[in-house]
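In: Sequence and predicted structure below; questions after.
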Amino acid sequence: MAQAESHPRKYKVIGTRPVRHDGADKVTGRAIYGADLRLNGMVHGKILRSPHAHAVIKSIDTSAAAKLPGVVAVTTSADFPDLQDKIADLGEGAVNLAHLGANVLAHGKALYKGHAVAAVAATSPHVAQEALSLIKVEYEPLPAVTWVLDAMKDDAPLLHDDVYTKSMGKKADKPSNIAAHIHFEKGDVEDAFAGSDLVVEREFKTASVHQGYIEPHVSTALWNQDGHLTIWTSTQGSFTARQQTAELLQVPISQVTVVPCEIGGGFGGKIAVYLEPVAAMLSRKCGRPVKMVMSRDEVFEATGPTPGSSMRVKIGATKDGKLTAGEAWLAYDAGAFPGGVIGPGCMCVFSCYEFPAARVDGYDVLDNKPKTQAYRAPGATQAAFACESVIDELAEKLGIDPIEFRLKNAAKEGTRRVDGPVYPRVGFIETLEAAKASDHWKSPLEGKNRGRGIASGYWFNIGLKSSAAANVNPDGTVSLLEGSTDIGGTRTSVAMQLAETLGITAEAVHPKVVDTDSVGYTDVTGGSRVTFATGLAAYEVGRDILRQMCERAAILWECDAAEVESVDGEFKTKDKRMTFAELAGKLSQTGGPVVGRATVNPEGPTNGFGTHIVDVEVDPDTAKVTVLRYTAIQDAGKAIHPSYVEGQMQGGAVQGIGWALNEEYVFDGEGRMANASYLDYRMPTALDVPHIDTIIVEVPNPAHPYGVRGVGETPIVPPPAAMAVAVYHATGVRMQELPMSPPKLWAAMQK
Amino acid sequence: MKEFEFQSATTVDEAVSLLAAKGDQARVLTGGTDLIVQLREGLRSADLVVDVKKIPELMTMSFSPEQGLRLGAAVPCHRIYGDKDVAVAYPGLADAARIIGGWQIQSRASVGGNLCNSSPAADSIPPLVVHDAVCHLAGPGGRRTVKASEFCTAPGKNVLQRGELLVSLEFPPPAEHASSAYMRFIPRNEMDIAVVGAASWVQLTAAGDTIEKASIALAAVAPTPLAATEASSFLAGKPATSETFAKAGELASQVARPISDKRGTSEYRKHLAGVLTQRTLAIAVERARG
Amino acid sequence: MAKKTHVATTINGEPMEFLCEARQSLLEVLRDNLAMTGSKEGCNNGNCGACTVLLDGQPVDSCLVLAVEAEGAEITTVEGIADDSRLHPIQQCFLEEAALQCGVCTPGFIVTAKALLDRNPTPSEHEIRFQLAGNLCRCTGYDKIIRAVQDAGKRMAAEARGASTTTNGSPARQQQKQAT
């Protein structure tokens, strides 16, 4: 086991801030992202999308489009295999392939505005676009529903007649938009509330928000005449993209190679396939590579978002500030197909605290929105907005400082979450202590219309499967092959762990993200897992290389391999020593090259906690909120590359600020998104936020040799709650709705 | 994007005859920051796009304290706020030019284009109205002038006839003890469409404590940019105090007749019209005092 | 086939000619016709700045410029920012200060930052935020971008001074001394 190894406490590489390996390519414009790919003979695909939020598709006539000069292929769902009720294990959980396929190209019904209906490939994107207007689709519009509580009503428009509520392992007897009901319970909740000195219960709602990555979805497929399918794509997981595509086309995975291009952001939204199977089908029909790029409005209308929610949270406490009981009722929309992120929402809602008794009910609800996808700590941010708002109100009513109140109840080693698991060593208390000691918390906030908020958040951070291999080069460098697509600098954070293990510099490791034929199975870049799990694989690769190199040294020195040890980049016996590079240069004399390899599958979460502090000023006349100061504090376990840890904290905080203040899907009366552009979706610009100060807390993860915990997702969890508390202190209004956009906050301030 | 023909005109006459020949299927290209988006998204169509940026008259910006400002219809925003004399003489105009889109947009977008796009939320139109700008048009029938306040007729519609081109905007010379300001409310701090916009122009007495004349115009509270004439005439002769500004704000708010949409509710917009009127008056007065 | 127009322009200091359709944007021609894919498409309607290039020295969204408008113009793209053998200080600072994560907005930021720092190498934090507001980044929260631009400006100013006087040490080192 990893933790059995002993390591120097002083690291040489870990904790430093080297320039990322792919850096020069990315600042000069040379890096090849999905849309930058050009293949000989390439044609361009476009998708026709439903103008209705809910409609029966009575007929599709593509004949005129097919005849347009320049059009080389046309497809609809009729070209795809029938996948009725086939369930596939896609690594991150099972998925109903019929639903996945129907999201890629509608089967019989359009379930949201923007739902893909047909596709064409043509010699230029303009011709493909023109061809779309020649496709005749006959729709029978149906009533649409886009608000989760409306969708739960008995008389709501029903999206699927084959979805029945699944609750505690039982299936209901009639179809419903409520796809699943989740229930967790611990202790005697009624008793515990009865014994409370104070109980606060509040209702909350949040709008759908999008991940907002700057690079639109893009895929290029070549279905070669020999039957092999190659897909160049922008994905968080090349192996899951391969599996989804193979399953939807019903071809063996060995017939599909996925080549991951550089990826321009994902945040959870680039795991499900959208374009890959369609580009593949078009390519099969025309025999040429087909490239498909979404436009920004397609990205908003047909991918992501993360759920809108309706939530009720009730928490009790004693006079002296001990939590007694919690109860949460969470309804998240799943969009057009079942399987939203209600599960983690339910697991996270009370995850920061020790609750003697608690109950959580969660609902996965279908409505006429794009199928919801993961977004950075999926489901946790909504839940934390509700829970942390109530925690703050309890602390205020009890007259206890909000940090002290949290410290009295903080989850720690041995705390059992309401959904069952017991925490190992975690660093929540340390983030609270760091918050208390921070310059931000200790500096008084002065001035009118200003307020300070604090909130905490939790995300699991997963392990899952990672593979890696590395070749030792004669000059003492090492080429590292990995399967984790690099969204935020993980080539470097993984390479640094290999470098540390081998005792060489970060620059002496050359990391490459390779295709699905060139490395072992690797799960998605998601769940804040890459620096942890692929880092663990790199560490194991390093151990494998060191073991082999000791054997090679033994050959050179004509001694027993057990006599050779490797320390800090040197191999030595009692009287001989050689550097890593020296030995690397002599490998050909000892039997040939050395290749290290590893595959890991660490189980259980790495448990990331964070606490954020924010100061705001609210314009009393316009209700516009200005963020004055922000500090994000998080337990990173061990920060491999502190700049990129800070970057994750800063980026997550700003996404959370956007979620808190302005981002939302606005729907018109017919269920169509009214603001499907960056202009009206309103993500924060550089001018909308201050510098985001960071404090990295390091409570090493016992399940990783260098103590790494995931860091990417936790930072988006606390901000909306912290912002709401700050707005309360500035205005006296406790906002229980996201976003707290100026018209909504102004209306609340008038009451 | 649908196919279209592109012509770059070098004289006003050439542009006019190109436009006249194609009628409503001809579009004038200045900065393109509205037109190209509209063509791409199918909101407008064109058989012919006529670039007018090679016509010297449309790219000229000339100012003198005696003659005032002649602003070519295609002069990009960055040249307006980048010219100190113009920015000092017509501060409300410079305020608007500095906040239309981001820097990349300001490098291309023109006030003339903003006017011809005739959005109710256009940032530069209220300043044109309060500065009494006059539009110089050229058409197949010759040249004519229209007051900027009368240029827009409905959302996206204006007085331009078939083949007619906006050539330039003429601003009267800056008056003594006078200044202006433009502000808009947006949820973000840049890169947004005005939820409400307000421009105020004031002329003070020599002593600087009383308003002699004032003009207020609003954006995004009616189908066209709106002159708040009641508020403007109320201000004449009133002391330049916050109480006066507040009363003018109320009057401006009363004439606003906004809709509720994705950018804000009607009630909120009416309220903002008052707030922004007050705030721009305060800034304009401060600027007028020097 | 759509009618094509011949356009003669200068890109990154080199004369360049191309044929394009009137409806093609400059971004499209740079990427598809000229294989200069450093300028990125994020929104194709002028709201993200990922496609920023300099057109006669001014930063513009190349998605909102028709390629035919480039006749006679001078264009600078991200591919033209570095010297032959050396990264530009802005690029260097972006790398040293981890000012990019996914990197897809980075070319646009670098081009806009160059336009800013060429005019004013010592902008305030607010000026940088204001001038860069047309460039969206979803990964970094902007913090490290703003700092990198600020530091690059100082480095550029120091290099400009270093070019006219003989001093010890690298410009970067002088700059560090100044900052402390």
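Out: All right, it came through fine. Numbering: from 1, shown residues only, chains lettered A, B, ... in the order given.

In: Next, the closest residue to A:Pro700 other than its chain neighbours: phi, psi?
Out: When the adjacent residues along the chain are set aside, A:Pro700 lies closest to A:Gly707, with 2.7 Å between them (CB to CB, 6 or more residues apart in numbering or on different chains). Using the backbone N, CA and C atoms, a C-beta is placed for each residue, glycine as well. When quoted as degrees, to the nearest 10, the phi and psi of A:Gly707 stand at phi 80, psi 10.

In: cool, A:Leu738 as well?
Out: Note on A:Leu738: its backbone torsions stand at phi -110, psi 140 [degrees, to the nearest 10].

In: now it: how far from A:Gly308?
Out: 9 Å (CB to CB, to the nearest Å).

In: shared neighbours, those two?
Out: Taking CB atoms under 8 Å, 6 or more residues apart in numbering or on different chains as the contact rule, A:Leu738 and A:Gly308 both touch A:Lys205, A:Thr206, A:Ala207.

In: can you count the residues close to whatever residue of the stretch 101-250 of chain B ends up closest to chain C?
Out: Residue nearest to chain C within the stretch 101-250 of chain B (CB to the nearest CB): B:Gly102, separated by 2.0 Å. Residues near B:Gly102, counting by other CB atoms under 10 Å in any protein chain shown, number 28.

In: Tell me who's in contact with it.
Out: Counted by CB under 8 Å, 6+ apart, B:Gly102 has contacts A:Thr685, B:Glu190, B:Met191, C:Gly49, C:Ala133, C:Gly134, C:Asn135.

In: any idea how far A:Arg629 is from the first one?
Out: Spelled out, that is A:Thr685. With CB to CB as the criterion, A:Thr685 and A:Arg629 are 18 Å apart.

In: Tell me which of these two has more neighbours.
Out: Neighbour comparison, A:Thr685 and A:Arg629: the larger count goes to A:Thr685, with 27 against 19 (by other CB under 10 Å).

In: so the more buried one sits right up against C:Leu136, yeah?
Out: Yes - taking contacts as CB atoms under 8 Å, A:Thr685 lies within contact range of C:Leu136: 6.6 Å.

In: how much space between B:Glu57 and chain C?
Out: Per CB to the nearest CB, to the nearest Å, B:Glu57 is found 19 Å from chain C.

In: could you pull out the strands for chain B?
Out: For chain B, strands defined by DSSP state E occupy the ranges B:5-8, B:26-29, B:48-51, B:61-64, B:68-72, B:134-139, B:142-147, B:152-154, B:157-158, B:165-171, B:178-185, B:196-204, B:211-219, B:226-227.

In: helices and strands around the last one, which ones?
Out: In this case it means strand B:226-227. strand B:211-219 (3 or more CB pairs under 8 Å, 6 or more residues apart in numbering or on different chains; DSSP states H and E).

In: pLDDT on stretch A:69-88, on average?
Out: Averaging pLDDT along stretch A:69-88 yields 92.

In: can you give me the end-to-end distance of it?
Out: 40 Å (CA to CA, to the nearest Å).

In: That one close to chain B?
Out: No - applying CB under 8 Å from any CB of the partner chain, one finds stretch A:69-88 separated from chain B by no less than 12.0 Å.

In: Tell me which residues of stretch A:133-152 come out buried.
Out: Using 16 or more other CB atoms under 10 Å in any protein chain shown as the burial criterion, the residues of stretch A:133-152 that qualify are A:134-135, A:137, A:139, A:142, A:144-152.

In: Excluding covalently adjacent residues, which one is nearest to the residue of chain C found nearest chain B?
Out: For chain C, the residue closest to chain B is C:Gly134, as judged by CB to the nearest CB, at 2.0 Å. Closest residue in space to C:Gly134, ignoring its immediate chain neighbours: B:Gly102 at 2.0 Å, by CB to CB, 6+ apart.

In: Please tell me how far the residue nearest the centre of chain C sits from chain A.
Out: Geometric centre of chain C, nearest residue: C:Val111, 1.0 Å, by CA atoms, centre = their mean. From C:Val111 across to chain A, the span is 9 Å (CB to the nearest CB).

In: Hmm, that residue is touching C:Thr52, no?
Out: Yes - if you go by CB under 8 Å, C:Val111 and C:Thr52 touch, sitting 4.5 Å apart.

In: what is in contact with the two at once?
Out: Contacts common to C:Val111 and C:Thr52, judged by CB under 8 Å, 6+ apart, are C:Ser39, C:Pro59.

In: coming back round to it: and the gap between the residue of the stretch 101-250 of chain B closest to chain C and C:Arg147?
Out: 20 Å.

In: what does A:Thr431 give?
Out: Taking CB to CB, one finds A:Thr431 at 24 Å from C:Arg147.

In: Settle it for me: which of these two has more neighbours?
Out: Set A:Thr431 next to C:Arg147 and count neighbours by other CB under 10 Å: A:Thr431 wins out with 30 against 17.

In: Quickly find the element holding the more buried one.
Out: Secondary structure assignment for A:Thr431, by DSSP states H and E: helix A:428-437.

In: And A:Gly266, by the same measure?
Out: Per DSSP H and E, there is no helix or strand for A:Gly266.

In: For the closest residue to it other than its chain neighbours, grab phi and psi.
Out: Nearest residue to A:Gly266, sequence neighbours excluded (CB to CB, 6+ apart): A:Gln236, at 4.4 Å. The phi and psi values for A:Gln236, taken as degrees, to the nearest 10, are phi -80, psi -20.

In: Could you do A:Ala636 as well?
Out: Torsion angles, degrees, to the nearest 10, at A:Ala636: phi -100, psi 0.

In: lowest confidence element among the helices and strands of chain C?
Out: Lowest on mean pLDDT, DSSP states H and E among the helices and strands of chain C sits helix C:171-179, with a mean of 39.

In: Any idea which residue of the stretch 151-300 of chain A lies closest to chain C?
Out: A:Gly264 (2.9 Å).

In: and the closest residue to that residue other than its chain neighbours, how many residues sit next to it?
Out: Leaving aside its chain neighbours, A:Gly264 sits nearest to A:Glu215 (2.3 Å; criterion: CB to CB, 6+ apart). Neighbours of A:Glu215 under the rule other CB under 10 Å: 28.

In: Ok, the one 5 residues further on next?
Out: With neighbours defined by other CB under 10 Å, the count for A:Thr220 comes to 28.

In: Pairing partners for it in the sheet, please.
Out: A:Trp232, A:Lys291 (DSSP bridges).

In: gap between it and C:Cys102?
Out: Per CB to CB, A:Thr220 is found 19 Å from C:Cys102.

In: what does A:Asp680 give?
Out: 23 Å.

In: again, but for A:Asp475
Out: 31 Å.

In: for A:Val422, same thing?
Out: On the measure of CB to CB, A:Val422 and C:Cys102 end up 36 Å apart.
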